[in-house]
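Asks: Provided below for reference: sequence and predicted model.
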Amino acid sequence: MDVTVAIGTFGLPCWSDLARSRAVPSAEALGVPVVHHHADTLHDARNGALALVDTEWVIHLDADDELEAGYVDAMAAGSADVRAPAVRYIHSRTRASTPAVPTVAGHGHACEAACLLAGNWLVVGALVRTALVRQVGGWRDFAWSEDWDLWLRCHLAGASFEAIPAAVYRAHVRRDSRNRAPSRQARLAAHHAIARANGLLTPW
């Protein structure tokens, strides 16, 4: 499959070090091109990594996460413009969850593209057409849930989505991580900002 794994890190140099010890090796083990870009902000880091991609497809990968064996082969079996993996949450060296495709909070069914109008069900490591990410404007600057903003814009642009449960994204859970540290109020504010930026009403 014509795909590149793009890793963007920002802020302290320790994040680049973590990427080189965790995210980069897991991606290189898949036998595909890997690019890494460091910047002052997350959206600049991801857009900088995206600028280095010259393949039809791209997978963005956070510095502290990994792609499991067979990830690209599993994604290649799909047909949609955006393909969502299952996620295995790694809580410690001895505790990990069973992989599952996420759902929007409160949804009791397997989520589809239209569910993005209510919230996010894809992680950053979804497989997506590189041209599509560029068409919708790349990564934008939001304090939280910036991946929802990207997938939502892809949906509004008419992209197709599908879940690929056999592709497993390993997300390492840390209590002080950027994704888990914000208060419920901060998360809600970010969701409102993303909804407004995309012309949506906010039912929350």
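Replies: That came in fine, so what should we check first?

Asks: give me the helices and strands touching the helix or strand bottoming out on mean pLDDT in the chain, please.
Replies: Counting by mean pLDDT, DSSP states H and E, the chain has its least confident helix or strand at helix 184-197, which shows a mean of 85. Packing partners of helix 184-197 (3 or more C-beta pairs under 8 Å, 6 or more residues apart in numbering; DSSP states H and E): helix 146-156. Where you see a C-beta, it was placed from the backbone N, CA and C, and this is true even at glycine.

Asks: residues contacting the residue nearest the centre of the chain?
Replies: Centroid-nearest residue in the chain, with C-alpha atoms, centre = their mean: residue 124, separated by 0.3 Å. Residue 124 is in contact with 60-62, 65, 147, counting by C-beta atoms under 8 Å, 6 or more residues apart in numbering.

Asks: can you check residue 200 too?
Replies: Applying C-beta under 8 Å, 6+ apart to residue 200 gives the contacts 117, 152.

Asks: part of a helix, is residue 18?
Replies: Yes: the assignment for residue 18 (DSSP: H, G, I helix; E, B strand; the rest coil) places it in a helix.

Asks: break down this protein into its helices, ranges please.
Replies: Taking DSSP state H, the helices of the chain run over residues 13-18, 24-28, 42-51, 71-76, 130-135, 146-156, 184-197.

Asks: quick one, which of these is nearest to residue 1?
Replies: helix 71-76 (4.3 Å; C-beta to C-beta).

Asks: need the residues that contact the closest one.
Replies: Defining contact as C-beta under 8 Å, 6+ apart, one finds that helix 71-76 is touched by 1, 3, 30-32, 57, 59, 83, 85, 127, 164, 166-169.

Asks: cool, stretch 84-103 as well?
Replies: With C-beta under 8 Å, 6+ apart as the test, stretch 84-103 has contacts from 68, 71, 74-75, 109-111, 115, 120-123, 125-127, 161-173.

Asks: could you list the buried residues of it?
Replies: Residues of stretch 84-103 classed as buried by neighbour count (16 or more other C-beta atoms under 10 Å): 84-90, 99, 101-103.

Asks: next: stretch 106-117.
Replies: In terms of neighbour count (16+ other C-beta under 10 Å), stretch 106-117 has its buried residues at 111, 113, 115-116.

Asks: CA atoms of that stretch as PDB?
Replies: Provided in PDB are the C-alpha atoms of stretch 106-117 (Å, rounded to 0.1, in the frame of the first residue of the first chain):
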ATOM      1  CA  GLY A 106     -23.600   7.900  24.300                       C
ATOM      2  CA  HIS A 107     -23.800   5.900  21.100                       C
ATOM      3  CA  GLY A 108     -24.700   2.300  21.700                       C
ATOM      4  CA  HIS A 109     -24.100   1.200  18.100                       C
ATOM      5  CA  ALA A 110     -21.200   0.800  15.700                       C
ATOM      6  CA  CYS A 111     -20.600   4.400  14.600                       C
ATOM      7  CA  GLU A 112     -20.800   5.500  11.000                       C
ATOM      8  CA  ALA A 113     -19.700   8.700   9.200                       C
ATOM      9  CA  ALA A 114     -22.800  10.600  10.200                       C
ATOM     10  CA  CYS A 115     -22.000  10.100  13.900                       C
ATOM     11  CA  LEU A 116     -19.200  12.600  13.500                       C
ATOM     12  CA  LEU A 117     -21.900  15.300  13.600                       C
END
